[in-house]
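Novice: fold the following, please.
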Amino acid sequence: MLDDFALLALITIFGVLEQAYFSLEVISARRKFHVSPPAVTGNVAFERVYRAQINSSEYFPMFLSIFWISGVFFNQALAVCFGVLYLYGRYKYFKGYSESAQDRLAPLYFSATMLWVLIALASAGVLGQLSSRYLGYNPAAAARAFVGL
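Specialist: Numbers count the residues shown, from 1 in each chain. Predicted structure coming up:
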């Protein structure tokens, strides 16, 4: 049974490591720009790094939950693909925001799109499961029959 979730677990570990990296970058920026805790303002370059980390942290629980739901209820391989793309987008977002506020926008839109795809997969998977269980109708089987698989 654990084999069924190994890829989801691996991407989750990558996501946690990414969050740790973002946190370490904030520590580095504090030292570089002489912003001592608990201050979170003072130097604009520090504030961009800090906001990039905070924004990424705010989205991480949403990503994790919808990533796992889509992998368990829809398709693990698709969830992993879109999960990796989401994490890549978040990395680009962090790096872009660290450089300038404007450079965060394209990666932000990209990662948001990946998150919406994961939400769609998770919703389809859960609704399909509920439909199969409570209505006796399996939309996935109907789709396979429709396309002749």
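Novice: where does the protein have low pLDDT?
Specialist: 141, 144, 148-149 (pLDDT under 70).
Novice: any idea which helix is longest in it?
Specialist: Longest helix in the chain by number of residues, with DSSP state H as the criterion: helix 44-73.
Novice: that one packs against which elements?
Specialist: helix 6-33, helix 76-99, helix 105-130 (3 or more C-beta pairs under 8 Å, 6 or more residues apart in numbering; DSSP states H and E). From N, CA and C alone the C-beta is placed, and that goes for glycine too.
Novice: ok, the residue nearest to Ser36 when sequence neighbours are not counted - contacts?
Specialist: Residue nearest to Ser36 in three dimensions, not counting chain neighbours: Arg30, with 7.0 Å by C-beta to C-beta, 6 or more residues apart in numbering. By C-beta atoms under 8 Å, 6 or more residues apart in numbering, the contact list for Arg30 reads 36-37, 46.
Novice: just the residues contacting stretch 95-115, thanks.
Specialist: Under the contact criterion C-beta under 8 Å, 6+ apart, stretch 95-115 has outside partners 25, 29, 45, 48-49, 51-52, 55, 59, 62-63, 66, 82-83, 85-86, 89-90, 92-93.
Novice: repeat the analysis, applying 10 Å as the threshold.
Specialist: Residues from elsewhere that reach stretch 95-115, judged by C-beta atoms under 10 Å, 6 or more residues apart in numbering: 22, 25-26, 29, 44-53, 55-56, 59, 62-63, 66-67, 81-94.
Novice: what subset of the residues you listed is buried?
Specialist: Burial by neighbour count, 16 or more other C-beta atoms under 10 Å: within the contacts of stretch 95-115 this picks out 22, 25-26, 29, 46-53, 55-56, 59, 63, 66-67, 82-87, 89-94.
Novice: Ile27 and Ser98: what is the separation?
Specialist: 14 Å (C-beta to C-beta, to the nearest Å).
Novice: wait, doesn't Tyr21 sit right on Ala52?
Specialist: No - Tyr21 lies out of contact with Ala52 (C-beta atoms under 10 Å); the separation is 11.4 Å.
Novice: quick one, what contacts the residue nearest the centre of the chain?
Specialist: Centroid-nearest residue in the chain, with C-alpha atoms, centre = their mean: Phe63, separated by 3.9 Å. Listed by C-beta under 10 Å, 6+ apart, the contact set of Phe63 reads 11-12, 15, 56, 83, 86-87, 90, 111, 114-115, 118.
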